[in-house]
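[1] sequence first, then the predicted structure:
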Amino acid sequence: MDKQAIIRILASAGGGKTYALSQRYISLLKSNPDLLPHILGITFTNKAANEMKERILSLLKEEALKGSRESGLIVERILDNFSDFSIKTIDSFMNSILKSFALELHIPPDAEIVVDEEYYKKLAYEKLIRRIEEREDIRELFMNMIDFLTGHEISSSWKPWEYPEEHLRYLLNQVNSRGIDVVEPEYNEPSQENIKNLSEDELTRFKEYKFATYLARLFHHYQDELKNVKEELRIILISELAREIYRVVHSETSIPFIYYKLGEKFLHYLIDEFQDTNILQWINILPLIENALSQGGSLFYVGDPKQAIYQWRGGEVELFDMAYEEFEFVGNNRISKNLNKNYRSKKTILDFVLNIFSLDKIKSIVGEEHFENLESFYDEEKILQVPGKEELETGGYVRVDVFPDTRQRKADTFIKDAVVSRVKDILKRWKRRDVAILVRDNREGTTIVEWLNSEGIPVLSAESLHIGKNQIVREIISFLRFLNSPVDDTSFLLFITGRIFTTIVIDRDTILEWAMNRMDGIPLYIQFREDFTELWEEFINPVFILEGYVPAYEIVSELISLYGLYSKEEFSEDIAFIETLLDTIHKLEKTEGNSITAILDWWDRTAEEKTPSITLPENIDAVQVLTVHKAKGLEFPVVFIPYTVHTSPGRMDKLISVDTEKGKGFIRNTSKTRKMDSDAEEGFRQYLSKAIFSEINLFYVATTRAREELHIFYHTGDISRSPKYILNKLWSYILLASLGGEDFESGTPLRGGKGEELPFIKPVRTHGGEELKAKILLRKQKWEKTYPEPEVTGILFHRIMELSDKFQRDEIMMNLEIVLRESLPEKIRVIYRKKLIELIDRFLDIE
C-alpha cells in the first residue's frame, strides 16, 4: 500500500478510476481492519457510490474464493458493520453534518432537503413581483432596471418582467457555489452637468454601475423572499448545503466537536471525480482533511480534468492542481500518478481520440488567448492511452461522415437520413441495447427519439421514462382533478376519452360523438351520469364516493383495481409507470399530505421532466438516447454522435465574473461592457476560455464512451472564432481541423455477439393531444354548423406548429396526423386535414 499522505490519481476516460479507488479502500482495510468506520469514500452520484461499494465487495469476494482468508474476514466485517461502510455522495455527507448542527444553525429538525429547486426559486420571484404593489422601493428598483434594459437589451422576444430573474438566478448560483456575498458597488456618481462631458467608455461604466446597484438591491429582496419561502415550507435547497456547512466548519467550532456531533470520525478520505468539486465544497472539507493528516490519515483523490463538464454548477477544474499544492507542507509525503491504460475502448478508437484532440489542432481553432487550460490538460502525455487488455490491442471501428454546412433544417434532413439508415445497418450486427446515441441536450434527444420511433425502432431516453410523460399516469391525474373539482369538465373529458376508459368501457368514437352533442350549461359529469347511468355506477361512482373519506393513495389504488389495469394486456407497458406513481404518492403523503389537493399541488409545480422516472432492467433491448452529461461514466459497444453543431452553448450567461482591485465583481455580458476596461476584457476572456474548455471536455467525454464502434457526423465550412459560433460549432471545428472536411473511416466493423434479448417495455408517449382535444370538444358551439370551423382549424394548426421543432415538411406532416388522431373523431378528420394542409403549404412557402 502507498504510504503517502496525499495521493493524486490522474485517470483518463476508461482508465480504471473506480478500480483504483476500490483497491485503495481495500489496502487500507488490509493494513488495519479497525479502520472501517474511519474511511470515507466521496462520490458525486448515488449510482457511483453504489458501484464503488459493489466493486469493493466484488474484489474482496474474488480474493476470498481464491483462498485469501484475510479478504474473507474483511467481507464478513463489512457485512456485520454495514453502517460503517461509508461511501456516500458529497451532498449526503454535507447533509449529515447539517443535520447534526440543525439546532446551532436554527434549522428545523424536520426540514426537507429539496433537490428540484426550480419551483421554490420561481415562487420566491413571483412573491417579489407581487411586492411591487405594496413596496415603493421594490417597485422603483424594478422600474429602474426595466427602463435600463429597455434602452439596452430590447428584442422581439424580450419580456421585461422575466429578464431580471435571469440575473438574480445567476447571482444566487454564485453565492451558493462560491460562498460569496453580493454588495453594492462603490462609485462616485457624477452630477447631471458632468454626465454630459463623459466619454463613451466612461458613460458605459457609469451606467453599468447604476445597473449593478439596482441588481444588488433587488437581489437582497429576492433573497429575503426565498428565505421566507424556505421557512414557511421548512425546506433547504440542496444548492445551499455547502454554504450552510461553511457556517459550521469555519466558525469557532472545533473539528473534534464536529466529529462528536457527527457521531463518526474519518482519518482517510477517498474522493472520486475530483475535477467536479466546487470551491465551497472543497473549502468545507479541507479542515476535516487537514485534521486527518495531522493524525496520520490520508487523502486519495482521482479524476480527469478533461472530463470536467459541470462548471455551470460551480465545478472548478483548477482545484485538481490547487488541492495538490495546498498540501505542499507534507513534503515528499505525497505522490501524483497518471494512469495511462485504457480498459474500455479498442485501439482504433483510442488512436482516433488522440488524433482529433491534438494540441496543435485545437490551438489553431481557439487561438492563443484561450489555450492556457487546454495546454496543461490536453498535452499528449495526459491524453495518450494504451490498451489495458490484450483483446483491446486490435480491432475497433470509427466512421465520420461530413455533410455541407447549410441551414439547420436542411442539415437535419442529412442527419436524419444518415442516422436512421446507419442505425438500421448497425442493428443487423448488434443488439439494440448495445447502441447509444449521445446528444448535447434534451431537445436534440427528443428529435432523435421521434425519428427512430417513426421507423419502428425501439428506443429509450431518460425523458421518456418520467411518469409525467406517460399517458395512463396523466389520465389518472386527470381523474384526480375531476374528483377534486367535479365541475372541471376538461379533466373529466380527458379521462373518459382516454386510453383507460375507451379500452375497457366504451368505444372512443362513441364517447367523442356524445361529447360533441352535449348540452351547454350543465356540468359534463352530470350529463354523463344521466346518459350512461350504468357505466357511471360501475366505472365512476365506486371511486367518486370515496373522495374526501380516504387518502389519495387509496383512491388511486381503487381506480387501478376497478379497471383491472394490472391484468389487462393493453396496459402491460404502463405498469412500471403506474407503480412508480403509487410509490410517489405514498412518499408524498409524508411530506405534502395525503389529500388529493396536496398531491395535485405537487404535480402542478413539478415539470414533466422532473417527475420520478421508472426503473427498467439494465439490459432492456432498446436503442438508448441520452445526453453526454448522463452518459458520463458509462460505456457502450456502439456510440453515435449525430450532432456536432448545437444551439445551446451559444446562449451565454447574462453576467460574467470580473476580478478587480476591490475584489470579485460581476458585469453584464454585452459587447459594450466587454470592452469597458481591462478588467472587463480579461473577465470575458476567462469566461470564454472556461466555456470553450467545457465544450471540448464534453466532446471528449462523448468520444470516449465507445468500446467497439464510434459513428460521428460533422459539417464542412470555415472556422470562426466569434464567441457564438466557436461555442456552437466547436465539436465540428475539432473534426474539421483533423479531417479537413473529408469523410473518415478506420478499422473494420465486427459482428456483435448474440444473446438473450429481454422484452422491450415501450414507454407510452404523449404529445399533450388529450388536452387539445378537450379544449376543442368543450367549445359551446356545435361543430355541425360549419366545417371546417375556422377557430377549431386555428387551434389545430397552432398545436401542430407547437409540436414542430425543425419545421421540415415531413416533421410537420407527422405532427398533423398525431394532432388529428388525438383530437378529432375519425369521420371529420378528412375535412380538417385538407384545410390544414393548405395552411401548412402556405406556411412553408413563406419560409
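    Nice, I can see it.
[2] can we go C-alpha only for contacts and neighbour counts from here?
    Fine.
[3] lowest average confidence, helix or strand, in this structure?
    helix 769-777 (a mean of 53; mean pLDDT, DSSP states H and E).
[4] give the next helix or strand downstream of it.
    For helix 769-777, the succeeding helix or strand toward the C-terminus, using DSSP states H and E, is helix 790-803.
[5] and that next one, what does it pack onto?
    Judged by 3 or more CA pairs under 8 Å, 6 or more residues apart in numbering; DSSP states H and E, helix 790-803 is in contact with helix 769-777, helix 809-823, helix 826-846.
[6] what's the neighbour count on V473?
    Here the number of neighbours of V473 (other CA atoms under 10 Å) works out to 21.
[7] any idea which element it lies in?
    Secondary structure assignment for V473, by DSSP H and E: helix 471-484.
[8] so N338 sits in a strand?
    Yes. Assessed by DSSP: H, G, I helix; E, B strand; the rest coil, N338 belongs to a strand.
[9] rewinding a little: dump the helix holding V473 to PDB, restricted to CA.
    Extracted in PDB, the C-alpha atoms of helix 471-484 (Å, rounded to 0.1, in the frame of the first residue of the first chain):
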ATOM      1  CA  GLN A 471     -50.400   8.900 -20.900                       C
ATOM      2  CA  ILE A 472     -52.000   6.500 -18.400                       C
ATOM      3  CA  VAL A 473     -50.500   8.300 -15.500                       C
ATOM      4  CA  ARG A 474     -51.700  11.600 -16.900                       C
ATOM      5  CA  GLU A 475     -55.200  10.100 -17.300                       C
ATOM      6  CA  ILE A 476     -55.100   9.100 -13.600                       C
ATOM      7  CA  ILE A 477     -54.100  12.600 -12.700                       C
ATOM      8  CA  SER A 478     -57.000  13.900 -14.800                       C
ATOM      9  CA  PHE A 479     -59.400  11.700 -12.800                       C
ATOM     10  CA  LEU A 480     -58.000  13.100  -9.500                       C
ATOM     11  CA  ARG A 481     -58.500  16.600 -10.800                       C
ATOM     12  CA  PHE A 482     -62.100  15.700 -11.600                       C
ATOM     13  CA  LEU A 483     -62.600  14.200  -8.100                       C
ATOM     14  CA  ASN A 484     -61.100  17.400  -6.600                       C
END
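[10] I'd like the next helix or strand past it.
    Downstream of helix 471-484 (by DSSP H and E), the next one is helix 489-496.
[11] measure the residue lying closest to I78 once chain neighbours are set aside to L270 for me?
    Once flanking residues are discounted, I78 sits nearest to F85: 6.4 Å by CA to CA, 6 or more residues apart in numbering. As judged by CA to CA, to the nearest Å, F85 and L270 stand 13 Å apart.
[12] other SSEs contacting the lengthiest strand in the chain?
    If you go by DSSP state E, the chain has its longest strand at strand 706-715. For strand 706-715, the packing partners by 3+ CA pairs under 8 Å, 6+ apart come out as helix 347-356, strand 397-403, strand 636-641, helix 730-739.
[13] go again using 7 Å as the cut-off
    strand 397-403, strand 636-641 (3 or more CA pairs under 7 Å, 6 or more residues apart in numbering; DSSP states H and E).
[14] out of the ones you listed, deepest packed?
    Greatest average neighbour count among the helices and strands packed on strand 706-715 goes to strand 636-641 (a mean of 23), per mean count of other CA atoms under 10 Å.
[15] list the buried residues in the strand or helix carrying I26.
    I26 belongs to helix 17-31 when assigned by DSSP H and E. Neighbour counts over helix 17-31 (16 or more other CA atoms under 10 Å) mark K17, T18, A20, L21, S22, Q23, R24, Y25, I26, L28, L29, K30 as buried.
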